[in-house]
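In: Kindly return the folded structure for what I paste below:
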Amino acid sequence: MKHPRLETKVKHSESKNAWNVIGDVCGGKYKIARVPYNQLESKDSEIYNTREKAEALEHAMFISFCFNNPDKVHCQ
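Out: This is a model prediction of the structure:
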């Protein structure tokens with residue numbers, strides 16, 4: 001598999017419940033991936049909301065890691 005030569009970082013979306021994996025190089029592709037998460041409006045849903053947001057962040061960080069460290073990712 002060919003390395004796309006992208007440096008990425010994770011940033012929270014300004015308008016959606018999502019983490020964005022974005023390009024960190026000026027002039028390159030900006031948004032690589034969006035990892036959305038659900039948020040419930042109930043007052044008893046704080047644990048659920050925290051878990052959903054944390055899990056989405058973990059997935060976004062993994063995607064970013066794969067782009068930033070292609071030599072450490074092995075395809076089988």
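In: Output the below-cut-off pLDDT ranges for this protein.
Out: Scanning the chain for pLDDT under 70 picks out 1, 75-76.
In: So which residues of it form helices?
Out: All helices of the chain, identified by DSSP state H, fall at 46-68.
In: Let's check: the centremost residue of it is which one?
Out: In the chain, the residue lying closest to the centroid (CA atoms, centre = their mean) is residue 60, at 2.2 Å.
In: Just give the nearest non-adjacent residue to it, would you?
Out: Taking CB to CB, 6 or more residues apart in numbering, and ignoring the residues beside it in sequence, residue 60 has residue 19 as its nearest neighbour in space, at 3.8 Å. For every residue, glycine as well, the C-beta is placed using N, CA and C.
In: What residues does the residue nearest to the centre of the chain make contact with?
Out: 10, 19, 20, 21, 33, 35 (CB atoms under 8 Å, 6 or more residues apart in numbering).
In: again with residue 65
Out: Residue 65 makes contact with residue 72, according to CB under 8 Å, 6+ apart.
In: for the one 3 residues further on, same thing?
Out: Shown here is residue 68, whose contacts under the criterion CB under 8 Å, 6+ apart are 6, 7, 8.
In: burial count for the closest residue to residue 32 other than its chain neighbours?
Out: The spatially closest residue to residue 32, leaving aside those adjacent along the chain, is residue 21, at 4.4 Å (CB to CB, 6+ apart). Here the neighbour count serves as a burial measure; for residue 21 (other CB atoms under 10 Å) it reads 24.
In: how far away is residue 21 from residue 40?
Out: Applying CB to CB, to the nearest Å, one obtains 25 Å for the distance of residue 21 from residue 40.
In: cool, and residue 27?
Out: Taking CB to CB as the measure, residue 27 falls 40 Å from residue 40.
In: neighbour count winner among the two?
Out: When neighbours are counted by other CB under 10 Å, residue 27 and residue 40 differ, and residue 40 comes out ahead with 11 against 6.
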